[in-house]
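# Provided below for reference: sequence and predicted model.
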Amino acid sequence: MNSSTSVSMWQHTMHHFSSTTLSALVLAYFMLLNCSSLILACTDTTLATILPNNGYYNTGTPDHILQGHEITSLTTRNILQCAGKCTGDELCVSFNYSPDSKVCDLNSETHTTQPASLVPQIGVEYYYYDWSKFTGCNFISPNANCVQFLHPRLPHGTTRIEFSVKTISDAFVVLSPENRVVDPDPMYVIDIGGNGGADIFVRQCKGCSNAFNQAVPNLELSDQHYRRFWITWDSGLIRVGKNQDTESLVEWQDPNPLPVDVHYIGFASWYTHIGDWQLHSFCDPPWEWQTQ
């Protein structure tokens, strides 16, 4: 069944469901659409792409609207199409939908980041992206010319990412204020396994020279087995660790911290290698994760 056929089926049955039931169907529908391969291509101009928005839109308080953070307002056929518009917009993290007028407002913020902006409005339903139900936990990075960013923006206050990766060397993690790569825009680019798998580098833009370089003897990157790492950042302090270790493998304090906030995280591999990633942040209950 293709996407257009499934949309027609949903439209045919929509009249038989309450608003609450329809909200649940929105979640299931977009889970099905996002169960596809995550090998994506970048253009030569952007050097970046957006991973599919894999997760749930959870309904907030009925008869409320998030006000003052509108990206765009449009009329859609139904709530499914409204959710699809938000899914396809790299800045959208929530939306307001009116079942009567079919007006769909895409928002760049949520009630968690802007609680005062959630105000009563009769007849409007407010939905937000729930990172706790994120399902885009496995993806492939083709090469270093293509940085793949998580979508949507990270939850407010995020300063840590945990992941496992299968690659022989050079697992790149990008901490960026935007979901794009345009040199020399400031961002932290962390290369785990540079120099043939032996070092960890940190750069302050994608094309910059290394601001930090340290040999790490026990990285043990492999293209056959996942290796688990964590990265934290805070006011220019970058720490990279492994497994459940509380001590970091490397730690670097940027003497001139970049004047940017980290809103997006991107992933890439070396030019001749493919990276196989498992994201643990937003995906694993703490009792389930393990190192392979």
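It's in. Numbering: from 1, shown residues only.

# which residue packs closest to the most centrally placed residue in the chain, ignoring adjacent ones?
Most central in the chain under CA atoms, centre = their mean is Leu150, positioned 2.1 Å from the mean C-alpha point. Using CB to CB, 6 or more residues apart in numbering and skipping the chain neighbours, the partner closest in space to Leu150 is Ile265 (5.3 Å). Heads up, the C-betas are built off the backbone N, CA and C, glycines and all.

# my guess is that neighbour contacts Leu154. True?
Yes. Between Ile265 and Leu154 a contact is recorded at 6.5 Å, counting by CB atoms under 8 Å.

# excluding covalently adjacent residues, which one is nearest to Gly196?
Among residues not flanking Gly196 along the chain, Ser169 sits closest, at 5.7 Å (CB to CB, 6+ apart).

# try Asp105
Nearest-residue entry for Asp105: Asn96, 4.2 Å, with adjacent residues in sequence omitted and distances by CB to CB, 6+ apart.

# for the residue nearest to Gly196, give me the pLDDT.
Listed pLDDT for Ser169 reads 94.

# returning to what we had before: what about the residue nearest to the centre of the chain, distance to Val173?
11 Å (CB to CB, to the nearest Å).

# what touches both of the two?
Ile265, Gly266 (CB atoms under 8 Å, 6 or more residues apart in numbering).

# related to what we said a few turns ago, quick check, the residue nearest to Leu150 in a strand?
Yes. Counting by DSSP: H, G, I helix; E, B strand; the rest coil, Ile265 is part of a strand.

# OK, contacts around it?
So Ile265 contacts Phe149, Leu150, Leu154, Ile161, Val173, Val174, Leu175, Ser176 (CB under 8 Å, 6+ apart).

# quick check: beta-bridge partners of it?
With DSSP bridges as the criterion, Ile265 is bridged to Leu175.

# can you list contacts of stretch 178-188?
Stretch 178-188 is contacted from outside by 46-48, 50, 90, 147, 149, 151, 153, 174-177, 202-208, 233, 238, 258-260, 262-264, 266, using CB under 8 Å, 6+ apart.

# which of these fall within strands?
48, 50, 147, 149, 174-176, 202-203, 233, 238, 264, 266 (DSSP state E).

# can you list these in JSON lines and add neighbour count, distance to Leu279 and pLDDT?
Compiled in JSON lines, the ones in strands among the contacts of stretch 178-188 are given as follows (neighbours: other CB atoms under 10 Å; distance: CB to CB, whole Å; pLDDT from 0 to 100):
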{"residue": "Ala48", "neighbour count": "24", "distance to Leu279": "17", "pLDDT": "49"}
{"residue": "Ile50", "neighbour count": "19", "distance to Leu279": "15", "pLDDT": "47"}
{"residue": "Val147", "neighbour count": "28", "distance to Leu279": "15", "pLDDT": "85"}
{"residue": "Phe149", "neighbour count": "22", "distance to Leu279": "12", "pLDDT": "83"}
{"residue": "Val174", "neighbour count": "23", "distance to Leu279": "14", "pLDDT": "94"}
{"residue": "Leu175", "neighbour count": "23", "distance to Leu279": "15", "pLDDT": "95"}
{"residue": "Ser176", "neighbour count": "25", "distance to Leu279": "16", "pLDDT": "93"}
{"residue": "Val202", "neighbour count": "21", "distance to Leu279": "21", "pLDDT": "97"}
{"residue": "Arg203", "neighbour count": "19", "distance to Leu279": "22", "pLDDT": "96"}
{"residue": "Trp233", "neighbour count": "19", "distance to Leu279": "17", "pLDDT": "97"}
{"residue": "Ile238", "neighbour count": "22", "distance to Leu279": "19", "pLDDT": "98"}
{"residue": "Tyr264", "neighbour count": "22", "distance to Leu279": "14", "pLDDT": "88"}
{"residue": "Gly266", "neighbour count": "27", "distance to Leu279": "12", "pLDDT": "90"}
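
# please identify which of these is nearest to Thr75.
Relative to Thr75, the closest of the ones in strands among the contacts of stretch 178-188 is Ile50; by CB to CB it sits at 25.0 Å.
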